[in-house]
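Colleague: Let's see this in three dimensions:
(one chain, ligands or ions: 3)
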Amino acid sequence: MRIKANLLLLVALMVGTVSVVAQKATKQPTTQPPTNPPTHPPVAGNTCQVLQGPPGPPGICSYTEVSLVKGVRDISTSIKESGRNLTEELTESSNDLREILQGGLQRLNDGLMDALGKIQQEVAQLKTEEPPCPRSLGLSSYKLAKSCREIFRCNPSSPSGYYWLKSASMECREVYCDMDTTHCSIRGGWMRVAYLNMTEPGASCPTSLRQINTPAKLCGRHTAPGCSGVTYPVDNIRYSKVCGQARGYQNYTGEAFTPSTENDINSHYVDGVSITYGNPRRHIWTFAIGLSDDHNYANGVFNCPCAKHPGEAPPDFVGLDYFCESGMTGHYQDNMRLALEDPLWDGDGCDPGNSCCAQAGMPWFCRTLPQEVSEDIEVRLCSDQGISNEEVYVDLLEVYVQ
Ligand SMILES: [Ca+2]
Ligand SMILES: [Ca+2]
Ligand SMILES: [Ca+2]
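Modeller: Ligands and ions are numbered 1, 2, ... in the order given. Now for the predicted structure:
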């Protein structure tokens, strides 16, 4: 208020100055009577007279001029004083003003940040909110779901079984959803992509694999050396997690990742099972068959990397995403047979001197892919030698995605 008062004073002084200057600039000598402005417009034909004052002595300022200079000086001094006072008061007030300003800005900033946080929360909530889902979702081809996961999210009490999904191609597809078991620490919502269990009555191998019925019903390769496999359609249903298991049997001399002259995912880089997705193939999981649990033939180079005498490491594209086990102990020459007594990759039956049965999650593997995909999954049985030397047999295979 003091500042405003001073500003008003300053403005008043300035106005006063102009007024005084104007008055003094036109002020007539005191000897002249005051001249009032005409109150009526001049009558036509008349002219207004301009009254002249008497001239002062030559070389001397007239009284009017001295007064004007003094007045201007006085006004100037007043302005300076008022300005100085105002400046002082502004300076005195500047701290208060700064505090008020800073406080206001801080409150404004706090308010903005608060509003921004609420907006972010609402956006995040909108992102996580799923569309409403009917109880009948996935139960018929008229109520197609996007995934087993969506059905489970909508109706967590849904039992495992067959449900209808909508594929990206807009065609409906009936799939098996695993709803009441936990894989990879995630319960329910798993879509079964591959399933083979040769111990079930009537089960048979896919035609792209070779089936034997004695001494057990098992699936092996048609192509040897090399790979025989099955492509399991996903039909463009999106997934980012893959889990599953395989149960294999060693026949004669599997050599895990050695000799891995074929560090090529498209070739027989392993004596075992390769699970990939997409075209070109990308790796999901590998199951390898080592030569022996405990023997150090050729310094163990043909054994699993996890064996007592470790064998060659897997190719880089496999990384740590593999299980490896041997169904044999001792020298390979004493094991020219099919080892049904020790199923592979089940987390059981390994020699105490190795860690091949101690891999996390066994017999289930879990993968989280680098990104969500919708490509088909391929399971191949591979080895680099003929069936008379080695074979990869399986009787159980399961792959799930979500
Ligand atoms: Ca071999
Ligand atoms: Ca081999
Ligand atoms: Ca085993």
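
Colleague: and residue 116, that one's in a helix?
Modeller: Yes - the assignment for residue 116 by DSSP: H, G, I helix; E, B strand; the rest coil puts it in a helix.

Colleague: Tell me, how many residues neighbour it?
Modeller: Here the number of neighbours of residue 116 (other CB atoms under 10 Å) works out to 10. C-beta: built from backbone N, CA, C; applies to glycine.

Colleague: The chain should start at 33 in everything you say after this.
Modeller: Right, with 33 as the first residue, what we last looked at is residue 148.

Colleague: What distance do you get for it to ligand 2?
Modeller: Distance, residue 148 to ligand 2, using CB to the ion, to the nearest Å: 61 Å.

Colleague: swap in residue 194?
Modeller: Counting by CB to the ion, the gap from residue 194 to ligand 2 is 40 Å.

Colleague: So what sits opposite that residue in the bridge?
Modeller: residue 208 (DSSP bridges).

Colleague: So for it, what pLDDT did the model give?
Modeller: pLDDT, residue 194: 97.

Colleague: okay, now it: neighbour count?
Modeller: Residue 194: 11 surrounding residues under other CB under 10 Å.

Colleague: what residues are up against residue 287?
Modeller: 303, 321-323, 334, 343, 416, 422 (CB atoms under 8 Å, 6 or more residues apart in numbering).

Colleague: from those residues, which single one is nearest residue 133?
Modeller: residue 343 (73.8 Å; CB to CB).

Colleague: what secondary structure does that closest one sit in?
Modeller: Following three-state DSSP, residue 343 is assigned to coil.

Colleague: distance between the ends of stretch 286-296?
Modeller: Across stretch 286-296, the terminal residues are separated by 18 Å (CA to CA, to the nearest Å).

Colleague: likewise stretch 397-417?
Modeller: Using CA to CA, one end of stretch 397-417 lies 26 Å from the other.

Colleague: Please apply the same query to stretch 208-228.
Modeller: By CA to CA, the extent of stretch 208-228 from end to end equals 13 Å.

Colleague: follow-up on the earlier one: so which of the contacts of residue 287 belong to strands?
Modeller: For the contacts of residue 287, the ones inside strands are 321, 422, with DSSP state E as the criterion.

Colleague: which one of the contacts of residue 287 is nearest ligand 1?
Modeller: For those, the closest approach to ligand 1 (CB to the ion) belongs to residue 422, at 3.9 Å.

Colleague: Which pLDDT value goes with whatever residue of the stretch 33-182 of the chain ends up closest to ligand 2?
Modeller: As assessed by CB to the ion, ligand 2 sits closest to residue 180 within the stretch 33-182 of the chain, at 37.6 Å. With respect to pLDDT, residue 180 scores 97.

Colleague: cool, and residue 165?
Modeller: For residue 165, the model assigns a pLDDT of 76.

Colleague: Ok, residue 211 next?
Modeller: On pLDDT, residue 211 comes in at 97.

Colleague: from memory it sits against residue 191, does it?
Modeller: Yes - counting by CB atoms under 8 Å, residue 211 does reach residue 191; the two are 5.9 Å apart.

Colleague: Counting neighbours, go ahead and name the busier of these two.
Modeller: Taking neighbours as other CB under 10 Å, residue 211 and residue 191 compare with residue 211 leading, 21 against 9.

Colleague: who's in contact with the more buried one?
Modeller: Residue 211 makes contacts with 180, 183-184, 190-193, 220-222, as judged by CB under 8 Å, 6+ apart.

Colleague: just the residues you listed now: which is nearest ligand 1?
Modeller: Closest to ligand 1, out of all of the contacts of residue 211 and judged by CB to the ion, is residue 222, at 35.3 Å.

Colleague: Need the three-state assignment for residue 273.
Modeller: Classification of residue 273 by three-state DSSP places it in strand.

Colleague: what's around it, how many residues?
Modeller: Neighbours around residue 273, by other CB under 10 Å: 18.

Colleague: what does residue 227 give?
Modeller: A count of neighbours around residue 227, defined by other CB under 10 Å, yields 16.

Colleague: In which helix or strand does it reside?
Modeller: Here residue 227 sits within strand 222-229, counting by DSSP states H and E.

Colleague: Could you spell out the sheet neighbours of the very next helix or strand once past that strand, each with its direction?
Modeller: Once strand 222-229 ends, the next helix or strand along the chain (criterion: DSSP H and E) is strand 242-244. Pairing partners of strand 242-244, with direction, according to DSSP bridges: strand 250-252 (antiparallel).

Colleague: Check the offset of the helix or strand following the strand it pairs with from the chain's centre.
Modeller: Sequence order places strand 258-264 as the next helix or strand after strand 250-252, per DSSP H and E. Here strand 258-264 is found 34 Å from its chain centre; the criterion is CA atoms, centre = their mean, to the nearest Å.

Colleague: Likewise for stretch 396-404?
Modeller: For stretch 396-404, the distance to the chain centre is 16 Å (CA atoms, centre = their mean).

Colleague: just stretch 283-297 next, same as before
Modeller: Offset of stretch 283-297 from its chain centre (CA atoms, centre = their mean): 37 Å.

Colleague: residues of it that come out buried?
Modeller: The neighbour-count check on stretch 283-297 (16 or more other CB atoms under 10 Å) flags 283-290, 292, 294, 297 as buried.

Colleague: residues contacting the residue of the chain found nearest ligand 3?
Modeller: Proximity of the chain to ligand 3 (CB to the ion) peaks at residue 381, 3.4 Å away. By CB under 8 Å, 6+ apart, residue 381 lies in contact with 357, 359, 374-375, 389.

Colleague: Check residue 357 too.
Modeller: By CB under 8 Å, 6+ apart, the contact set of residue 357 is 320-322, 325, 336, 374, 376-378, 381-382, 388-389.

Colleague: Could you point out the helix or strand that follows the helix or strand residue 205 falls within?
Modeller: Assessed by DSSP H and E, residue 205 sits inside strand 204-210. Counting by DSSP H and E, the next helix or strand C-terminal to strand 204-210 is strand 214-215.

Colleague: Strand partners (parallel or antiparallel) of that following strand?
Modeller: With DSSP bridges as the test, strand 214-215 pairs up with strand 218-219 (antiparallel).

Colleague: how about the residues of the stretch 183-332 of the chain that lie near ligand 1?
Modeller: Contact residues (CB under 5 Å from the ion) of the stretch 183-332 of the chain with ligand 1: 285, 287.
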